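> Okay, sequence plus prediction incoming.
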Amino acid sequence: MTIRFSKFISYFFHPINFPIIGTLLFFLFIPKFIFKPLEYTILIVIFIGTYIFPLLLLALLKRFGMINSFHMITIEERKFPTLLFISISFFIGNYLYKSSIVNLLALFFIGYGLSLVFTSLFLYLKLKISLHTLAISGLIGFLFYFSYFYKINLIPFMALLFVLSGFVASARLRLHAHTLNEVILGCVVGLASQFIVYIIYMM
């Protein structure tokens, strides 16, 4: 894998993209009808809350010298933004869960919030988990219990995501952004957090 291709993979599969990707897949695969205006409202709220707002926030942090780049390379750079992203994930998860219509989608965001809590704890242990592998693994975990809950066969799609997660992991290693342990931890934390949340809320 070349450096250029690794950079493309890292940008295309940036963690900030996965909340909206997961939401779009939820509405694409869900077998029951959801009132379209409500669906569009949810998509807009999630897009603003997980994409536009974080980008503006990161731009401000960069402007004031709190981070050097959007990739937040150092452990210290990641501490404050991670706490903010935890708040965003739990806020959106709680907002969706209260609607009682998209409970499973709410668990997706609560799961991401939990995974970021683990990430924050590891930062204070001087360990920088890969957010790229955490994000794509979290999506795989979500689709796993989504398919189980609605009895939908998503195995081919999840197999594709597993292959893509391999490309993401390889790209992060190729760019020397993370060690092998940090990449593996990202996968484990992303998957485990989604399953933990599902078991707590739904079992």
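Perfect, I can see it now.
> going forward, measure contacts between C-alpha atoms and count neighbours the same way
Will do.
> can you pull out the helices in this structure?
3-12, 18-29, 36-47, 53-63, 75-99, 103-123, 131-150, 155-174, 180-202 (DSSP state H).
> which of the residues in the longest one are buried?
Right, helix 75-99. 75, 77-79, 81-82, 85-86, 88-94, 96-97 (16 or more other CA atoms under 10 Å).
> Not counting residues beside it along the chain, what's closest to the residue nearest the centre of the chain?
In the chain, the centroid-proximal residue (CA atoms, centre = their mean) is residue 135; its distance is 3.4 Å. Distances taken as CA to CA, 6 or more residues apart in numbering place residue 15 nearest to residue 135, at 5.4 Å, with adjacent residues excluded.
> thinking the one you found is in contact with residue 138, fair?
No: the pair residue 15 / residue 138 is not scored as a contact, 10.2 Å apart, by CA atoms under 8 Å.
> Neighbour count: the two, which is higher?
Between residue 15 and residue 138, counted using other CA atoms under 10 Å, residue 138 has the larger neighbour count: 30 against 17.
> okay, now the nearest residue to that one once chain neighbours are set aside: neighbour count?
Counting by CA to CA, 6+ apart, residue 138 lies nearest to residue 190, which is 4.3 Å off, once chain neighbours are set aside. Counted by other CA under 10 Å, the residues lying close to residue 190 total 31.
> before we move on, what about residue 25?
Applying other CA under 10 Å, we find 12 residues neighbouring residue 25.
> Good, wrapping up.
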